[in-house]
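S.K.: could you look at this predicted model? Sequence included:
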Amino acid sequence: MNQIHGGVSRGSAFRIAFLALVLCACTPSEPAATSTVTQPPATPTPSATGSVPPQPNATCNELSLYLDPALATSYVCETVPASLSEFEPYPEHTRVTLQGYPISGTHFDPQISVYAVSDYDAMIPGDVTGLVTDLQSLTSGGSTPSFTSPFTSPIPFLPRFDAAQAFFAHYSVEPFTSGSGIRFLTEYAQYYVPVNNTDLFYTYQGLTSDGLYWISAILPTNLATLPVDADAGFGGQTQEQFSNGYDAYILAAVGQLDATAPASFTPTIDALDALVASIAIAP
């Protein structure tokens, strides 16, 4: 799996010093899967009215969902072994990776993971319990979080990475078949990252109604007006020059993202919302 920007690809003393200041998380190293199955999603048959109900057409272990052929031509189902890494710990879990996704060349693969909360909590006692409480508060009508400054106020997200949540935008509480969760756009990095099409992704963080399973969707999305990658996003400045005005930059960038219509993204936010809304968990 692709690694997030960090010390190797943009390694500098500046970034390393910055990383020491933030508590964070990133894409885990690609583990060996205990089982891998590649299956194309079934193409649904339109009803008499021409509409297609979002009935599940893809299944992976306890996870089922409706996978729109416009979002993927097939998928890979894996049972991912546990990782005991100090920086990227996670329990054994189910992961679906979408194949034939509308965009490519991003730092994250399009994927949906299902974690047993008890397994995560046994690995990191108390930590995931706190995230569950926070997520339940948000989905049950708690106050809507507002983005105010970079890297300092992340909202609930799993898995744990070795980078930090730089910002969030297009936040919304959204239900899925087996529970409820939150969706937002974000980037994770170890430095002052520009908003760009290589790093930007849509994520859904959900919890089943019984509180037993955590759903994490990481689905890259692009916007035509954004720079192609972080280097282009620096606009000719050095990284240190760019970082000096980062607070004002990222607040303005998040405002622009929030003001952009969901249909302007590729894939659209609405299409990704429909995908996660169809998720069902049947242990």
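M.R.: Received the coordinates, thanks. Numbering: from 1, shown residues only.
S.K.: need the distance between the two termini of stretch 96-113.
M.R.: 6 Å (CA to CA, to the nearest Å).
S.K.: for P56, give me its contacts.
M.R.: 64-66, 278, 280 (CB atoms under 8 Å, 6 or more residues apart in numbering). C-beta: built from backbone N, CA, C; applies to glycine.
S.K.: make a markdown table from the residues you listed and add distance to A271 to it.
M.R.: Formatted as a markdown table, the contacts of P56 follow (distance: CB to CB, whole Å):
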| residue | distance to A271 |
| --- | --- |
| S64 | 18 |
| L65 | 13 |
| Y66 | 11 |
| S278 | 11 |
| A280 | 18 |
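S.K.: farthest pair within these?
M.R.: Using CB to CB, the contacts of P56 span at most 9.4 Å, a distance reached by Y66 and A280.
S.K.: if you count what's nearby, which of these two comes out ahead?
M.R.: Y66 (22 against 16; other CB atoms under 10 Å).
S.K.: quick check: the more buried one touching A72?
M.R.: No: under the criterion of CB atoms under 8 Å, Y66 makes no contact with A72, lying 11.1 Å away.
S.K.: so how far is P159 from Y202?
M.R.: Noted for Y202: a distance of 16 Å to P159, by CB to CB, to the nearest Å.
S.K.: more neighbours, these two?
M.R.: Comparing Y202 with P159 by other CB under 10 Å, the one with more neighbours is Y202, at 25 against 20.
S.K.: now do the same contact list for that one.
M.R.: Y202 neighbours (CB under 8 Å, 6+ apart): 170, 183-185, 217-221, 265, 269, 272.
S.K.: write the PyMOL selection for whichever of those residues are buried.
M.R.: Selection command for PyMOL covering only the buried members of the contacts of Y202, criterion 16 or more other CB atoms under 10 Å:
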select buried, resi 170+183+184+185+217+218+219+220+221+265+269+272
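S.K.: so which of the contacts of Y202 belong to helices?
M.R.: Cross-referencing those against helices under DSSP state H gives 269, 272.
S.K.: which one of the contacts of Y202 is nearest to G235?
M.R.: The nearest member of the contacts of Y202 to G235, counting by CB to CB, is L185 at 20.7 Å.
S.K.: cheers, nothing more for now.
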